[in-house]
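Chemist: Here's a sequence, model it:
(one chain, ligands or ions: 1)
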Amino acid sequence: MAAISSPPKFPFARPAAAEPPAESARLRATEPVSRVELWDGSHPWLVVKHQDACSVLTDQRLSKERTRPGFPEMSAGGKAAAKNKPTFVDMDPPQHMQQRGMVAPIFTKERVENLRPHIQATVDRILDAMVAAGGETPVDLVEKLALPVPSYIIYGILGVPFEDLAYLTEQNAIRSNGSATATEASSANKELLDYIGKLVDQRSSEPKEDLISKLVVEQVKPGHIDKSDAVQMAFLMLVAGNATMVNMINLGVVTLLQHPDQLADLKTDPGLAQVFVEELCRFHTGSAMATRRVAKVDIMLGGKLIKAGEGIIASNQSANRDEDVFPNPDVFDMHRKRGDEEALGYGWGEHRCVAEWLARAELEIVFATLFKRLPNLRLAIPFEEIKYSSPTKDVGITELPILF
Ligand code: HEM
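Modeler: Model prediction:
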């Protein structure tokens with residue numbers, strides 16, 4: 001009798017550097033809806049085609065509530081965190097939109113357009129400091145640019161005073177850079193939460209024009225949410241996209257250096273930053289583990305019966321390399337002809353990234369400015385020596401020595 005084999009372990013490992021797992025490409029061709037095995041021995045479904053991922057992310061019969069049995073958790077830490085009081089990222093309708101709607105107006109495309117001068121000034125200030133320190137000896141771009149840009153911007157939106165930015169950015173880095181110990185990471189987490197708690201108190205007595213004041217005045221004071229909800233929501237906005245932003249800035253720099261023709265095009269016309277960022281977020285899917293759901297009832301998908309209580313992982317990373325939607329998907333081409341289908345780097349459906357326009361604007365401004373300001377920017381090490389995140393974690397770069 002043939003032995004019954006377990007499904008393959010997930011997350012699949014990247015073969016090298018920032019290359020996506022070969023296993024995803026194989027499944028796209030052979031078994032687009034299949035079982036995988038997670039760290040805890042559970043066997044959720046993995047969906048790897050663009051069309052199926054979109055259908056999962058818009059299916060009201062699926063849930064994002066992590067307290068439901070069967071919800072696929074990616075680590076023991078995640079499983080423990082799933083018991084905490086949720087924020088909107090882990091809610092279903094109608095609560096999801098009620099709470100998301102409390103912050104979403106700050107992040108609309110129009111509001112973000114108005115923020116562009118502020119984002120540009122922040123990027124310029126960070127680059128000024130980097131240039132002043134000199135670039136003849138290697139400088140770590142992660143520390144000097146990629147980390148401060150997204151932190152400074154979101155802190156500004158939340159209403160953190162300027163003098164506290166450096167300290168809080170450091171805490172945020174400790175919290176999310178995989179090399180800190182669990183104790184260091186949880187103490188940095190607590191520092192950030194305590195800090196936001198105090199800021200919420202201050203804005204309660206003296207509101208200003210910032211997101212924390214908006215939450216306090218419009219939601220906490222009228223009794224729609226508790227102070228602790230406001231703290232958790234502000235914390236979510238602070239940490240949700242931070243590591244992804246850092247990774248996308250680093251990956252963007254390396255991708256341009258690996259494609260000198262496209263870098264030359266961007267230097268000649270910084271207006272190409274928008275299509276560059278579009279392709280960057282397709283090619284490198286910086287947030288590839290968030291698009292998970294659990295079935296509330298039995299559903300059929302790709303000819304497979306998914307039963308109530310079974311988990312589903314919609315691989316936006318694999319969908320972004322789906323050859324049926326993006327011809328020559330493994331080629332980085334910012335000039336590629338785009339069809340009607342969008343890449344899924346920011347997710348799809350109701351939980352699609354609430355700060356997508358902000359993230360795009362930050363990346364566009366960074367890439368339109370960086371090589372104009374530092375036209376000789378180059379790596380201080382060979383490409384082969386770049387330190388990437390662990391092969392089963394979200395793609396990223398942990399250290400990037402450059403010269404300019
Ligand atoms: C390049 C940068 C970013 C990428 C690639 C990204 C990607 C994503 C993805 C894939 C999701 C969907 C998760 C799902 O379906 O469950 C998401 C949701 C979310 N993102 Fe982002 N994100 C980025 C930047 C940011 C930033 C800067 C922030 C905060 C300022 C942020 C805050 C959020 C929040 C709060 C959600 C949950 C939305 C909801 O559940 O309604 N993201 N993001």
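Chemist: what about His335, distance to Pro21?
Modeler: With distances taken as Cβ to Cβ, to the nearest Å, His335 is found 27 Å from Pro21. Every residue, glycine included, has its C-beta placed from N, CA and C.
Chemist: These two - which one has more neighbours?
Modeler: Set side by side, His335 and Pro21 show more neighbours around Pro21, with 22 against 12, by other Cβ atoms under 10 Å.
Chemist: dump the residue contacts of that one.
Modeler: 11-15 (Cβ atoms under 8 Å, 6 or more residues apart in numbering).
Chemist: Touching, Met102 and Val216? I think so.
Modeler: No. Look at Met102 against Val216 with Cβ atoms under 8 Å: they stay out of range, at 11.0 Å.
Chemist: For those two, indicate the residue with more neighbours.
Modeler: Remark: of Met102 and Val216, Val216 carries more neighbours, 25 against 20, as counted by other Cβ under 10 Å.
Chemist: Tell me which residue in the stretch 101-250 of the chain sits closest to the ligand.
Modeler: Residue of the stretch 101-250 of the chain nearest the ligand, by Cβ to the nearest ligand atom: Gly241 (2.0 Å).
Chemist: what's that residue sitting at in phi/psi?
Modeler: Here the main-chain torsion angles of Gly241 (degrees, to the nearest 10) amount to phi -110, psi 10.
Chemist: do you know how far the nearest residue to Glu342 once chain neighbours are set aside is from Asp229?
Modeler: When the adjacent residues along the chain are set aside, Glu342 lies closest to Trp348, with 7.9 Å between them (Cβ to Cβ, 6 or more residues apart in numbering). Relative to Asp229, Trp348 is positioned 26 Å away (criterion: Cβ to Cβ).
Chemist: Who has more neighbours out of the two?
Modeler: For Trp348 versus Asp229, the count of surrounding residues by other Cβ under 10 Å is larger for Trp348: 22 against 19.
Chemist: Output the set of residues of the stretch 251-400 of the chain in proximity to the ligand.
Modeler: 281, 286-287, 290-291, 316, 345-347, 351-355, 358-359 (Cβ under 6 Å from any ligand atom).
Chemist: Now the residue nearest to Leu363 when sequence neighbours are not counted, what are its backbone angles?
Modeler: Using Cβ to Cβ, 6+ apart and skipping the chain neighbours, the partner closest in space to Leu363 is Val277 (4.5 Å). The phi and psi torsions at Val277 (degrees, to the nearest 10) take the values phi -70, psi -40.
Chemist: Val277: how many residues sit nearby?
Modeler: The tally of other residues near Val277 (other Cβ under 10 Å) stands at 24.
Chemist: How about the one 10 residues further on?
Modeler: When neighbours are defined as other Cβ under 10 Å, Ser287 has 23 of them.
Chemist: pretty sure it is in contact with Asp394, am I right?
Modeler: Yes. With contacts defined as Cβ under 8 Å, Ser287 counts as touching Asp394 at a distance of 6.4 Å.
Chemist: hey, what's in contact with both of the two?
Modeler: Where contact means Cβ under 8 Å, 6+ apart, the residues bridging Ser287 and Asp394 through contact with each are Thr244.
Chemist: hmm, who's touching the lowest-mean-pLDDT helix or strand in the chain?
Modeler: Least confident helix or strand of the chain, by mean pLDDT, DSSP states H and E, is helix 165-176 with a mean of 87. By Cβ under 8 Å, 6+ apart, the residues outside helix 165-176 that reach it are 147-148, 151-152, 155, 160, 180, 184-185, 188-189, 191-192, 195, 238-239, 242-243.
Chemist: Give me the contact status of it with the ligand.
Modeler: No. For a cut-off given as Cβ under 6 Å from any ligand atom, helix 165-176 has no contacts with the ligand; the smallest distance is 11.8 Å.
Chemist: Does anything pack onto the very next helix or strand once past that helix? Which helices or strands?
Modeler: Later in the chain than helix 165-176, the nearest helix or strand by DSSP states H and E is helix 182-205. The criterion is 3 or more Cβ pairs under 8 Å, 6 or more residues apart in numbering; DSSP states H and E, and the helices and strands that helix 182-205 contacts are helix 165-176, helix 211-215, helix 227-239.
Chemist: buried residues in the longest one?
Modeler: Burial within helix 227-239, assessed by neighbour count using 16 or more other Cβ atoms under 10 Å, is assigned to 229-238.
Chemist: Kindly report the same for stretch 73-80.
Modeler: Judged by neighbour count using 16+ other Cβ under 10 Å, the buried positions of stretch 73-80 are 73-74, 78.
Chemist: On the pLDDT front, check the residue nearest to Leu363 for me.
Modeler: According to the prediction, Val277 has pLDDT 98.
Chemist: what does Glu23 give?
Modeler: Value listed for Glu23 in the pLDDT field: 98.
Chemist: In terms of helices and strands, where is it?
Modeler: With elements delineated by DSSP H and E, Glu23 resides in helix 22-30, which encompasses its position.
Chemist: For that helix, C-alpha coordinates in PDB please.
Modeler: Provided in PDB are the C-alpha atoms of helix 22-30 (Å, rounded to 0.1, in the frame of the first residue of the first chain):
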ATOM      1  CA  ALA A  22      10.000  27.400  -7.000                       C
ATOM      2  CA  GLU A  23       7.200  25.300  -5.300                       C
ATOM      3  CA  SER A  24       4.700  28.100  -5.900                       C
ATOM      4  CA  ALA A  25       5.400  28.000  -9.600                       C
ATOM      5  CA  ARG A  26       5.100  24.200  -9.700                       C
ATOM      6  CA  LEU A  27       1.700  24.400  -7.900                       C
ATOM      7  CA  ARG A  28       0.400  27.100 -10.200                       C
ATOM      8  CA  ALA A  29       1.000  24.600 -13.100                       C
ATOM      9  CA  THR A  30      -0.100  21.400 -11.300                       C
END
